[in-house]
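J.: return a 3D structure for these sequence lines:
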Amino acid sequence: MTRNTDVVVVGGGATGAGVARDLALRGVDVTLVERGGLSSGTSGRSHGLLHSGARYAESDEVGARECIEENRILKDVAGECIRDTGGLFVQLPDDDPEYFEAKRAACEEIGIPVETLSPEEAREAVPGLSEDVVRAMEVPDAVVYPSRLVAANAADAREHGATVLTDAPVEDLRVEEGRIVGVDVGGAVDEEIRAERVVNAAGAWAGKVAETAGVDVEMRPTRGVMVSVEHEGLGPVLNRTRDPDDGDIVVPHDGEVVLGTTSVEVEDPDDYETAEWEVENSRAECATMLPAVRDAPEVRTWWGVRPLYAPDEDSRHGARGISRGFFVLDHADEGVENLTSVVGGKLTTYRQMAEATADRVCEALGVDADCRTAEERLPGADDPETLDSLVEEFGGAGPTDEDVVGR
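T.: This next block holds a predicted model:
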């Protein structure tokens, strides 16, 4: 069987679903294909932090501005996909006070709301916070439930005419005379799709997808562990006020907190080792902020793989204090004129990544239509039950938010 469409989007994570939604809202006929359930890759295996930009403020102004802009947009349009917790950056005795001051000044310059709290004020905001806290700064971090977010984007794409196919692994991108002439999809779909354009939004797997079309997208994925432990009553996200490192984020959930994370390069995003030291290190480091988590009962542990783009990593020498930029790549100079890849980035900026990609695709198709995703609310945004039914329909439940989705 052969299916015809304007654009095939490969990858059903936040970025792929966001691209499909954006294009569909502009009147483009889109087919989204995902090899498993939606958000089964990186998006559904994150720590679930919606960045305010404060993490990157002093080291990467552009990345921080992207984060605070998208943070505000998602709080407006995503409803129950977001939990607006706020965040604290906590300074401990071993942390450089000049780093705290530089981060605060950068937040003020960028326009990220920030307020300094005394140790007493910080412990009042967070019962159980370490007695060693020197001071803290309050920022508008939040928690995102990626399973809901991805499903809602896919549902809106479908409401505007897109086709969403799960259990649909891409087996081949067939190239003839400099163009992809067919996308061979296996799994439960088992058909050929013909399209004017193909978007590779496969995240950490983008290099593998590109390889099937004979082009090179050099990825450098890293794994990171998330440990969810029992803990009641944490309000804001906690961040350590130091250069980003292992075990410096604590994300609140209902009756749980998620501790993270590590960063270890892997060769294959489908086949990689995990190590107990990552769990132990995350617990120990996060316990310097919130001592009770050191010995708290474990609820679940999972690893995710970051979709890092190798040339970007090389340019910043692997520094974790610099926000991961995103890149929209055209492959005409490699002999495939109708393939676009979007790589890098982070969950917080998925909508912006999708907009930039959709702009590029629409230009190639001759479609003159503006992006609407920053203004239009996601379907079901105000109804958790609707969102969770969409997650179930698209097979998108992931470990990041499994304690919330479907309760």
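
J.: only C-alpha atoms for contact and neighbour calcs from this point on.
T.: OK.

J.: CA atoms only: put the helix or strand encompassing E98 into PDB for me.
T.: Element membership of E98 [criterion: DSSP states H and E] is helix 97-110. Extracted in PDB, the C-alpha atoms of helix 97-110 (Å, rounded to 0.1, in the frame of the first residue of the first chain):
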ATOM      1  CA  PRO A  97      29.500  33.100  46.100                       C
ATOM      2  CA  GLU A  98      30.700  35.000  43.000                       C
ATOM      3  CA  TYR A  99      29.000  32.300  40.800                       C
ATOM      4  CA  PHE A 100      25.700  33.000  42.700                       C
ATOM      5  CA  GLU A 101      26.100  36.800  42.100                       C
ATOM      6  CA  ALA A 102      26.900  36.300  38.400                       C
ATOM      7  CA  LYS A 103      23.900  34.100  37.900                       C
ATOM      8  CA  ARG A 104      21.600  36.500  39.700                       C
ATOM      9  CA  ALA A 105      22.900  39.500  37.700                       C
ATOM     10  CA  ALA A 106      22.600  37.600  34.400                       C
ATOM     11  CA  CYS A 107      19.000  36.600  35.200                       C
ATOM     12  CA  GLU A 108      18.100  40.200  35.900                       C
ATOM     13  CA  GLU A 109      19.800  41.300  32.600                       C
ATOM     14  CA  ILE A 110      17.900  38.700  30.600                       C
END
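
J.: which strands and helices lie in contact with the helix or strand following it?
T.: Where DSSP H and E defines the elements, the next helix or strand beyond helix 97-110 is strand 115-117. When contacts are defined as 3 or more C-alpha pairs under 8 Å, 6 or more residues apart in numbering; DSSP states H and E, strand 115-117 sits against strand 135-139.

J.: quick one, the strand it packs on and helix 97-110 angle?
T.: Here strand 135-139 runs at an angle of 20 degrees relative to helix 97-110 (axes from the mean of the first three to the mean of the last three C-alpha atoms, to 10 degrees).

J.: any buried residues in the lowest-mean-pLDDT helix or strand in the chain, and which?
T.: Using mean pLDDT, DSSP states H and E, the weakest-scoring helix or strand in the chain turns out to be helix 310-316, at a mean of 84. Neighbour counts over helix 310-316 (16 or more other C-alpha atoms under 10 Å) mark 310, 312-313 as buried.

J.: and stretch 50-68, by the same measure?
T.: Here stretch 50-68 shows 50-61, 63-68 as buried, counting by 16+ other C-alpha under 10 Å.

J.: what about the helices in the stretch 251-400 of the chain?
T.: 276-287, 310-316, 350-365, 384-393 (DSSP state H, counting those that start in this stretch).

J.: equivalent analysis for the stretch 1-150 of the chain, please.
T.: Applying DSSP H, counting those that start in this stretch to the stretch 1-150 of the chain gives helices spanning 14-25, 61-77, 97-110, 119-125, 146-159.

J.: what packs against the fourth one?
T.: Using 3+ C-alpha pairs under 8 Å, 6+ apart as the contact test, the elements touching helix 119-125 are strand 135-139.

J.: and the strand it packs on, what does it pack onto?
T.: Using 3+ C-alpha pairs under 8 Å, 6+ apart, strand 135-139 is in contact with strand 87-91, strand 115-117, helix 119-125.

J.: buried set for the second one?
T.: When you say that, I think you mean strand 115-117. 116-117.

J.: distance from it to the middle of the chain?
T.: From the chain centre to the centre of strand 115-117 is a distance of 28 Å (C-alpha atoms, centre = their mean, to the nearest Å).

J.: what's the model's confidence in that strand, averaged?
T.: For strand 115-117, the mean per-residue pLDDT is 98.

J.: on that earlier part again, tell me which of the helices of the stretch 1-150 of the chain lies nearest to H231.
T.: Nearest to H231 among these is helix 119-125; the distance by C-alpha to C-alpha comes to 15.4 Å.

J.: tell me the domain ranges of the chain?
T.: 2-43+147-218+323-401, 87-139+222-306 (automatic domain parsing).

J.: wait, which of those domains is closest to G79?
T.: The closest of these to G79 is domain 2-43+147-218+323-401. By C-alpha to C-alpha, the value is 4.5 Å.

J.: that older thread, including distance to E376, could the helices of the stretch 1-150 of the chain go into TSV?
T.: Output for those, formatted as TSV (distance: least, C-alpha to C-alpha, whole Å):
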stretch	distance to E376
helix 14-25	10
helix 61-77	6
helix 97-110	26
helix 119-125	34
helix 146-159	10
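
J.: winner for burial among these?
T.: helix 14-25 (a mean of 31; mean count of other C-alpha atoms under 10 Å).

J.: what packs against that helix?
T.: Taking 3+ C-alpha pairs under 8 Å, 6+ apart as contact, the helices and strands that helix 14-25 lies on are strand 2-10, strand 30-33, helix 146-159, helix 350-365.

J.: tell me the angle it makes with helix 350-365.
T.: Angle between the axes of helix 14-25 and helix 350-365 is 50 degrees (criterion: the same axes, to 10 degrees).

J.: if you tally nearby residues, what's the number for E177?
T.: Using other C-alpha atoms under 10 Å, E177 has 9 other residues around it.

J.: pull up the gap between it and A64, please.
T.: 42 Å (C-alpha to C-alpha, to the nearest Å).

J.: give me the neighbour count for L165.
T.: When neighbours are counted by other C-alpha under 10 Å, L165 comes out with 21.

J.: tell me which residue lies nearest the centroid of this structure.
T.: L347 (1.9 Å; C-alpha atoms, centre = their mean).

J.: residues contacting it?
T.: 14-15, 43, 50 (C-alpha atoms under 8 Å, 6 or more residues apart in numbering).

J.: now for those residues, which pair is the farthest apart?
T.: Among the contacts of L347, T15 and L50 lie farthest apart (C-alpha to C-alpha), at 14.8 Å.

J.: show me what contacts A213?
T.: 172-175, 180, 336.

J.: quick one on the thing from earlier: for C81, find the nearest of the domains of the chain.
T.: domain 2-43+147-218+323-401 (5.4 Å).

J.: rounded mean pLDDT for that closest one, please.
T.: On average, the pLDDT along domain 2-43+147-218+323-401 is 97.
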